[in-house]
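Undergrad: Task: produce atomic coordinates for the following.
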Amino acid sequence: MHRKAGLCTAGGVMVVVALSGAVGPQAYAAGDDREKRSAEVLQKLVPSADGPGCAAAVGKRGQVAWEAGRGQADLATGRAITSKTPFDMASNSKQFTADSVLLLAGRHQLALNDPLSKYLDNPPAWTRDVTLGDLMRHTSGIPDYQDLLEDKGVGLTDPAGQQEAISAILASRPEDPLGKRFSYSNSNYVLLARVVEKVSGKPFATFLQQEFFTPLGLSMTLSPAVDVPGKAKSYDEKDGSFTPNSSPWKQYGDGSVQTTPGELVRWADNYRTGRIGGAQLLAGVTEGAVSVGDVLRRRGIEEGRYGAGMLLLPDKSLVHRGDWEQFHSTFKVSPDRNTAVTVVCNADAPDHFRAANELLDIWTK
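TA: Modelled structure (predicted):
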């Protein structure tokens, strides 16, 4: 699940919380080699600690069971990646946008079959046929705003905000038959964030903070193109040399949650407990999920069904990937929802999906 662009202050509001103080890893009995095997997975993913690297965490029923980092968060200073290093989670942020919509639906403030036009000022005609459910499941056929902006000559190093993205989207029109085919587009989730703001009357960052992050005690922030304290920098690699990769684009809804792997696996327990949103939200995560066909095969996903910001695999596990700048992440929740894994890297790491699967196997078998 690729997000080429995005990060967030909604409505000029930036909510920053201390990205530390999370529940620490649990202690396990002598003879339990899961921590050692997990460390070996991370070392295989990041053979050298002298360049960019990765951090990973495993959660068990809302507690961090294991977490570690390897490599450098900042090559200029030599600052190391640790378990407490925040990263941009890119498209792994989409689950919060989808769950915001489900939360509002549970309160009867909107419905998934509502037309997009209901929540826009001066909507183009085609938005009357696109529903919020189409946006959430990527069946709207709307082109990706990142491509639309680049076609207008706006490069990833040029300033571009939420309104520029929305204007480009609304000036376009769906390219695929509505509701007929899964076609992943970041535009869908930028529009859903706008809907949440319209219905709630709050900036999107504030809504997430008040409805999810604070109630669950999560050290997370929604912040685009602004470094949170201690955050890793991302790097392009060419011929063994690394150069920083950053963009001033400031879209949100499709990405922009900044946090640590440990905090993301703590959040995953909501898929078990329904503490936020209850049974209705949990049902909505997979209800009406649509087949993705083979479009994600090159990313290591043979088949699955896309629901509310998460992909439901045939074994009933949930998974999503994120890619923005050179931040690459995998988030996966076990079929019984008791165990979750996050792996995130600050340079191209093609094996991070494999590493996440290996860690989940270690802690569930």
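Undergrad: and stretch 33-50, C-alpha only, in PDB?
TA: Once non-C-alpha atoms are left out, stretch 33-50 reads as follows in PDB (Å, rounded to 0.1, in the frame of the first residue of the first chain):
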ATOM      1  CA  ASP A  33      14.300 -17.600  23.100                       C
ATOM      2  CA  ARG A  34      11.800 -15.400  21.300                       C
ATOM      3  CA  GLU A  35      13.600 -12.200  22.100                       C
ATOM      4  CA  LYS A  36      16.900 -13.700  20.800                       C
ATOM      5  CA  ARG A  37      15.200 -14.900  17.600                       C
ATOM      6  CA  SER A  38      13.500 -11.500  17.100                       C
ATOM      7  CA  ALA A  39      16.800  -9.700  17.400                       C
ATOM      8  CA  GLU A  40      18.200 -12.000  14.800                       C
ATOM      9  CA  VAL A  41      15.400 -11.100  12.400                       C
ATOM     10  CA  LEU A  42      16.200  -7.400  12.900                       C
ATOM     11  CA  GLN A  43      19.900  -8.000  12.400                       C
ATOM     12  CA  LYS A  44      19.300  -9.900   9.200                       C
ATOM     13  CA  LEU A  45      17.100  -7.000   8.000                       C
ATOM     14  CA  VAL A  46      19.800  -4.400   8.900                       C
ATOM     15  CA  PRO A  47      23.200  -6.200   8.500                       C
ATOM     16  CA  SER A  48      25.200  -3.000   9.300                       C
ATOM     17  CA  ALA A  49      24.400  -0.600  12.100                       C
ATOM     18  CA  ASP A  50      26.500   2.100  10.400                       C
END
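Undergrad: so residue 51 makes contact with residue 70?
TA: No: Residue 51 is not in contact with residue 70 according to C-beta atoms under 8 Å; the separation is 10.3 Å. (Glycine included, C-beta is placed from N, CA and C.)
Undergrad: Looking at the two, which is more packed in?
TA: More neighbours surround residue 70 than the other of residue 51 and residue 70, with 20 against 17 (other C-beta atoms under 10 Å).
Undergrad: Tell me the confidence at the nearest residue to that one once chain neighbours are set aside?
TA: Closest residue to residue 70 apart from its sequence neighbours, by C-beta to C-beta, 6 or more residues apart in numbering: residue 46 at 4.3 Å. Looking at residue 46, its pLDDT is 97.
Undergrad: mind checking how far residue 46 is from residue 334?
TA: Plainly put, residue 46 is 24 Å away from residue 334 if you go by C-beta to C-beta, to the nearest Å.
Undergrad: For these two, indicate the residue with more neighbours.
TA: Relative neighbour count places residue 46 above the other of residue 46 and residue 334, with 26 against 22, counting by other C-beta under 10 Å.
Undergrad: Tell me how many other residues surround residue 315.
TA: By other C-beta under 10 Å, the residues close to residue 315 number 8.
Undergrad: ok, it - contacts?
TA: Listed by C-beta atoms under 8 Å, 6 or more residues apart in numbering, the contact partners of residue 315 are residue 335.
Undergrad: doesn't it fall inside a helix?
TA: No: if the criterion is DSSP: H, G, I helix; E, B strand; the rest coil, then residue 315 is coil and not within a helix.
Undergrad: circling back to that earlier point, the residue nearest to residue 70 and residue 54 touch, don't they?
TA: Yes: between residue 46 and residue 54 there is a contact at 5.3 Å, judged by C-beta under 8 Å.
Undergrad: Between these two, which contacts overlap?
TA: 70-71, 345, 349.
Undergrad: Counting neighbours, which of those comes out on top?
TA: residue 345 (29 neighbours).
Undergrad: in the sheet, who's paired with that one?
TA: Residues in a beta bridge with residue 345, per DSSP bridges, are residue 54, residue 328.
Undergrad: what's near enough to touch it?
TA: By C-beta under 8 Å, 6+ apart, the neighbours of residue 345 are 45-46, 52-55, 71, 327-329, 352.
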